[in-house]
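Participant: I'd like to go over a predicted model; first the sequence, then the structure.
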Amino acid sequence: MKFDTPAITNPIDQLKIVGHPVDRIDGPLKTTGTAPYAYERHDVAANQAYGYIVGAGISKGRILSFDLGRAQAAPGVLAIVTHENAGKLGKGKLNAAKLLGGPTVDHYHQAVALVVAETFEQARAAAQLVQVNYARTDGAFDLAQARESTERRTANRDNTVGDFAGAFAKAEVRLDQTYTTPDHSHSMMEPHATIAAWNGDRLSVWTSNQMIDWTTGDLATTLGMPKDKVHLMSPYIGGGFGGKLFLRADTLLAALGARAARRPVKVAMQRPLIANNTTHRPATIQRIRIGATAQGKITAIGHESWSGNLPDGKPENAVQQTRLLYAGEHRLTGTRLAHLDLPEGNAMRAPGEAPGLMALEVAMDELAERVGLDPIALRVLNDTQVDPANAARPFSQRRLVECMRTGAERFGWSQRSARPGLVRDGRWLVGMGMAAAFRNNQVTKSGARVALDRRGVVTVETDMTDIGTGSYTIIAQTAAEMMGLPLERVVVRLGDSQFPASSGSGGQWGANCSTAGVYAACIKLREAIAQRAGLDAASAEFSDGMVRAGGRSVPLAGLPGLAGQERIVAEDAIEFGDLDKRYQQSTFGAHFVEVGVDAYTAEIRVRRMLAVCASGRILNPKSARSQVIGAMTMGVGAALMEELAVDARLGFFVNHDLAGYEVPVHADIPHQEVIFMDETDPISSPMKAKGVGELGICGVGAAVANAIYNATGVRVRDYPVTLDKLITRMPDAA
Ligand code: MOS
């Protein structure tokens, strides 16, 4: 189904099941520990052996030789895979560095060997005996240092409208500030894990991955085999956040280990390897310049961002939202990429906007103070209903102003003191901050297969994944709504490369696109069923387990001619035309935060948070709310705690486990509230939904930092905002 004109009224609009806060259909499996995650699939292949990854001990250089004798002789060892015996490997389209290093080493903890043994403990013990002899070379590891050398080389990435430099120079008010965000690690609960089994030249892998089709393709490419001989399954995923978008070393090495040991092999990436072996959100240095009139009208807005990556990597697109969020005639945005020899930087929840808004929305707070406006008033004054670079291109929906006003009302924003450092509650200095939330809505092809059986049960099959987000549930709701069935009569099967390729889970596109694909397949199934029932397909209505047309109704259970195992099967995909070019599709929101800062110790505590989101139809308010409160929590982590500490001498992330890489726990997170604006976006898809899972993090960091400023009068522009950056600058507590 091609979607190229705005959606008209369709069966989803009935909202009998879609739009309701139904519990997750996979909830009982998760809460009883019976949802089978990849590493636990003891049942899928007999005689599984264990693989343990050896990570490179240098960040750049060459492997001169291996001494494997002691490891090979260790108890239980079955095989050791290295680049010397792995055979010729290709490189996946989506991988910036080789997943099995050697002879060159591209980054610290790049996998250089896999030890396969009878038991996990034997594999781990033998891995300690692998001796790798390296020749180390110098690398570039420090973004601030690398920034200077890259500035001019990549200046062609700039995106300009009008004459930014001239308008900025002439502006009555000029803000020119630099902000930094550190490297972040996804820190999902379930580590990357895979079981691989060969059957002749066919490979089956049970893994934990967000994008089945990408990863199946890249695994086949890397192994030099046809894609249709790889069967990849990932039905349950314990968190991804972008860290599982791509083929990673656990999957490739499990496949290589299984080939070498001639047995199924399971590999879980050990936690201390994840930070340096896999991808991370790259650190940024962001310079923001805003020129405005004395009344606060923006005349010039400039945002440049520097980040680093391996030679084949991409820059963090932290300027993305600045092209679209505020009006202003003269504009400049650009990303600059420094070559760094750290592990690969790549997508992490709301890549671009998440770190970009951490800078932009603090700059707006600073500008508001400079021009003497309330932060919300400044944003309202500079709102735009069209793409600021192209007035002929409206937003499909844009209710940023309503989000801010609704939030202000609900949060008690009028109680905020415009002057910082004035509100005390015992030993706590108390402040409020807000930020706009913005995240683009991306649309991408998504397919599904649906089938009706004799019992009147509809089964949906698509390679869409559920990374803890609720995909199973919203897909079941969609099929139930379309077919006029109760949820109990829909079965959803996900995450299998033998199912039609879907959008996958990424970039907050999964909910809207994958359900739209199910919608398309259900339209076809409805036609097929009506035909089989001898009814007019165009006027057929599906409700209460019946199909009705022309005064006749036929139950879906026991449809005429459906006997035994026979099913009526329909398959289709949603494909998107150019509506995303004619209209700018984005999601909007507003975040409000109240913090307390200890007047004596500068300890920061978040006291309450509110998010207001405008992101099209909310398919399930319960799972959507869970996404947003999780994202808000992650935003608090980015604001106050998260930082991969770079050893700029040797080139690695030092705090590479969950003891040293701090994320918020329950005790850090107080009252959270989420409000969804009641809206539909008919330009986005037949579902009229948009993404929300990433919108929830966008702006949170800045809202926290702005609240800290409001509490203390101390502006910190380098994240995370930790007490050591505040304490020497705190107002005199006496
Ligand atoms: Mo998202 S960072 O595309 O999983």
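Facilitator: It's in.

Participant: tell me where the model's unsure across the stretch 1-150 of the chain.
Facilitator: Residue ranges of the stretch 1-150 of the chain with pLDDT under 70: 150.

Participant: helices of that one, start to end?
Facilitator: Counting by DSSP state H, counting those that start in this stretch, the segments of the stretch 1-150 of the chain that form helices are 27-31, 69-73, 120-127, 143-150.

Participant: in the chain, what residue comes closest to the ligand?
Facilitator: Residue nearest to the ligand within the chain (CB to the nearest ligand atom): residue 242, separated by 2.5 Å. The way it works is simple: take the backbone N, C-alpha and C, and place the C-beta from them, glycine included.

Participant: save the helices of the stretch 1-150 of the chain as JSON lines, and put in mean neighbour count and distance to the ligand too.
Facilitator: Listed next are these as JSON lines, based on neighbours: other CB atoms under 10 Å; distance: least, CB to the nearest ligand atom, whole Å:
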{"stretch": "helix 27-31", "mean neighbour count": "12", "distance to the ligand": "20"}
{"stretch": "helix 69-73", "mean neighbour count": "14", "distance to the ligand": "36"}
{"stretch": "helix 120-127", "mean neighbour count": "19", "distance to the ligand": "29"}
{"stretch": "helix 143-150", "mean neighbour count": "16", "distance to the ligand": "20"}
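
Participant: now distance to residue 558 too, for these, in TSV please.
Facilitator: Shown next, in TSV, are the helices of the stretch 1-150 of the chain (distance: least, CB to CB, whole Å):
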stretch	distance to residue 558
helix 27-31	29
helix 69-73	62
helix 120-127	51
helix 143-150	66
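
Participant: got a list of contacts for the lowest-mean-pLDDT helix or strand in the chain?
Facilitator: When the helices and strands of the chain are compared on mean pLDDT, DSSP states H and E, helix 143-150 comes out lowest with a mean of 84. Applying CB atoms under 8 Å, 6 or more residues apart in numbering, the contact partners of helix 143-150 are 140, 283, 285, 306, 307, 308, 336, 337, 338, 339, 340, 648.

Participant: wait, residue 433 sits on residue 700?
Facilitator: No: using CB atoms under 8 Å, residue 433 is not in contact with residue 700, being 10.0 Å away.

Participant: neighbour count winner among those two?
Facilitator: Each of residue 433 and residue 700 has its neighbours counted (other CB atoms under 10 Å); residue 700 has more, 30 against 25.

Participant: and that one, what is it in contact with?
Facilitator: Here residue 700 is in contact with 435, 437, 591, 593, 609, 611, 631-632, 634-636, 638-639 (CB under 8 Å, 6+ apart).

Participant: in helices, which of the residues you listed fall?
Facilitator: Among the contacts of residue 700, DSSP state H puts 631, 632, 634, 635, 636, 638, 639 in helices.

Participant: how about the residue lying closest to the third one once chain neighbours are set aside, phi and psi?
Facilitator: Closest residue in space to residue 634, ignoring its immediate chain neighbours: residue 697 at 5.1 Å, by CB to CB, 6 or more residues apart in numbering. Dihedral pair for residue 697: phi -90, psi -20, per degrees, to the nearest 10.

Participant: what's the burial count for residue 697?
Facilitator: Residue 697: 32 surrounding residues under other CB under 10 Å.

Participant: list the buried residues in the lengthiest helix in the chain.
Facilitator: In the chain, ranked by residue count with DSSP H as the criterion, the top helix is helix 510-532. By neighbour count on 16 or more other CB atoms under 10 Å, the buried set for helix 510-532 is 510-526, 528-530, 532.

Participant: now stretch 574-590
Facilitator: With burial defined by 16+ other CB under 10 Å, the residues of stretch 574-590 counted as buried are 574-576, 579-580, 583-590.

Participant: what are the ranges of the strands in the stretch 1-150 of the chain?
Facilitator: Taking DSSP state E, counting those that start in this stretch as the test, the strands found in the stretch 1-150 of the chain are 2-3, 49-55, 61-67, 77-81, 104-105, 111-117, 131-136.
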